[in-house]
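**Q** just the structure for this:
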Amino acid sequence: MSTGTTPGTTVGATSDRGLHWLSVPDPHIAALLPDDLPPIPPAPGDAEVEAIAVAEDGTELQDLPAALAQRHGYREISSLRLTPPRIRLRREVVARLEQAQAALPEGIALVILDGWRPPRFQQELLAHYRSETGRDLDGFVSDPGHAHLIAPHTTGGAIDLTLRVGEAALAMGTDWDSFRDESALRHLERDGAVRTAADSLARDLRRLLASVLLDAGFAPLPSEWWHWSYGDQRWAAFHGESATLYAPTDDDGVPARGR
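**A** Sure, this is the predicted structure:
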């Protein structure tokens, strides 16, 4: 596995059966998974999330350590001009990711696809995907100008990630940034959603990822299996907290004071 010029181990680009970012899991991966993975619990809806007060504890952003593999996907989109040069997250978030990775079965690890986004980049990314898809993308790409829902990635507490086996960053029923119903966190928990062995493997991989991240204190996003967070509004709503740990930062990564 190669090491890039930015901190962390870099997983290379792959192209597999029409997927742009991730690889279809090899069926043999099923043998690495535990047998008793629990279903993924529901995530709170927007109304509960909007009610969470925004506070800030001052935890700094940091680079990813070498132990956490990364593929900084947005650096590969040439039309994006404001992508951060490297993936950064709040220090406590990094520590909890390392905890989650340590709980995975032998042969499986995490790969981080995205982390902190400066507000200007969040706005650029939203405009890019709206132009590409012709859709509003509510529930998928957050609007940093929203009055009550803080864009999670602007806090430094949200990550996009998946599991990897060797060099392969794994798709789990859909690709990363695939803005469709099948990407929903609990899509494969629904009656009748699992029709094939590939569906069953994707469901179990989602469950494994969820299990280690939940045990490490993270919270999910209903619409995206790859998006998890710690310290933001969705985290607070999921864990019964009244306020966040993290507020949005400015474009230099300096946290706001909350509200």
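**Q** and the helices in the protein?
**A** Taking DSSP state H as the criterion, the chain contains helices spanning 46-50, 91-102, 119-133, 197-215, 233-239.
**Q** for those helices, give me CSV that also has distance to residue 188, mean pLDDT and mean neighbour count.
**A** (C-beta placed from N, C-alpha, C; glycine too.) CSV is the format used below for the helices of the chain (distance: least, C-beta to C-beta, whole Å; pLDDT from 0 to 100; neighbours: other C-beta atoms under 10 Å):
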stretch, distance to residue 188, mean pLDDT, mean neighbour count
helix 46-50, 22, 95, 15
helix 91-102, 20, 98, 19
helix 119-133, 23, 90, 17
helix 197-215, 4, 97, 20
helix 233-239, 20, 98, 24
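**Q** among these, which comes closest to residue 82?
**A** Evaluated with C-beta to C-beta, those place helix 119-133 nearest to residue 82, the distance being 4.2 Å.
**Q** neighbouring contacts of stretch 27-47?
**A** Contacts of stretch 27-47 with the rest of the structure, by C-beta atoms under 8 Å, 6 or more residues apart in numbering, involve 105-108, 149, 165, 170, 185-186, 189, 197-198, 200-201, 204-208, 210-211, 214, 219-222, 234, 237-238.
**Q** so which bits of it are buried?
**A** Along stretch 27-47, these residues count as buried under the neighbour rule (16 or more other C-beta atoms under 10 Å): 29, 33, 37, 40, 43, 44, 46.
**Q** now the strands for the protein?
**A** All strands of the chain, identified by DSSP state E, fall at 61-63, 69-70, 88-90, 109-114, 158-165, 168-169, 219-221, 224-229.
**Q** poorly predicted segments of the stretch 151-259 of the chain, please.
**A** Residues of the stretch 151-259 of the chain that meet the criterion pLDDT under 70 lie in 258-259.
**Q** do that again at 50, thanks
**A** Scanning the stretch 151-259 of the chain for pLDDT under 50 picks out the ranges 258.
**Q** bridge partners for the residue nearest the centre of the chain, pull those for me.
**A** By C-alpha atoms, centre = their mean, the chain has its centre lying nearest to residue 160, at 2.1 Å. Here residue 160 shows beta-bridge partners residue 114, residue 227, assigned using DSSP bridges.
**Q** lovely, talk soon.
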